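Novice: got a predicted structure here, sequence first:
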Amino acid sequence: MRRTFQILLLALLALTSASVFAADGQKITKKMRKQLEETQVKYDSTLRWGNLDDLIPYLDPEYAEEHPITDLERSRFEQVKIAGYRGSDNMPMPGGRVGRSAEVRVINNNTQAERVVRVNEIWRWDAEAKRWLQANGLPDLWQSR
């Protein structure tokens, strides 16, 4: 009896993990997952070594239209340097989106003080362009603690 329960539990876990990347009828394929990981590596590198204009192509155009980058945000990004960026594992979200959190080490160019900021990312698959987009904007490196 106990063995049967264990087998049923394992089967349930297997079904759950197989469907974890499927939401609202949109199944995230192995190829899409690989592309997401590649996109995130490029995004991480661009955030660390690039400038604000290099990050804009990663943003979801719908989000960017609703939340345009202000001159204040642009000047704030110019005042910092990213010393490190470490993303966590991807987590499935409703609507076929994928979320992850990241630890960002930020250095203020004026004071040379370093601080660690936790940011959350939401990635959305654009079926037309066949690519992943950062759906919740640029990281908030100035969040209050």
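Specialist: All right, it came through fine. Just so it is clear, the structure is predicted and the values come from calculations on it, not from any experiment.
Novice: ranges for the strands of the chain?
Specialist: In the chain, the segments counted as strands under DSSP state E are 22-23, 26-27, 80-87, 91-92, 98-108, 114-126, 131-134.
Novice: for residue 120, give its distance to residue 112.
Specialist: 27 Å (CB to CB, to the nearest Å). Yep, even glycine has a C-beta here, placed from its N, CA and C like the rest.
Novice: now do residue 81
Specialist: With CB to CB as the criterion, residue 81 and residue 112 are 9 Å apart.
Novice: between those two, which one's more packed in?
Specialist: More crowded of residue 81 and residue 112, by other CB atoms under 10 Å: residue 81, with 15 against 8.
Novice: kindly state the beta-bridge partners for that one.
Specialist: Per DSSP bridges, the residues bridged to residue 81 are residue 107.
Novice: pLDDT score for it?
Specialist: Residue 81 carries a pLDDT value of 95.
Novice: the one 10 residues further on too?
Specialist: You'll see residue 91 listed with a pLDDT of 95.
Novice: residue 136 contacts residue 101, doesn't it?
Specialist: No: Residue 136 is not in contact with residue 101 according to CB atoms under 8 Å; the separation is 11.8 Å.
Novice: now for the two: what residues contact both?
Specialist: 120-121 (CB atoms under 8 Å, 6 or more residues apart in numbering).
Novice: those two - which one has more neighbours?
Specialist: A count of neighbours by other CB under 10 Å puts residue 136 above the other of residue 136 and residue 101, at 18 against 13.
Novice: which ones are touching the residue nearest to that one when sequence neighbours are not counted?
Specialist: In this structure, residue 136 finds its nearest non-sequential neighbour in residue 122, 4.3 Å apart by CB to CB, 6 or more residues apart in numbering. Residue 122 makes contact with 93, 97-99, 134-136, according to CB under 8 Å, 6+ apart.
Novice: any idea which of those residues is closest to residue 56?
Specialist: residue 134 (9.9 Å; CB to CB).
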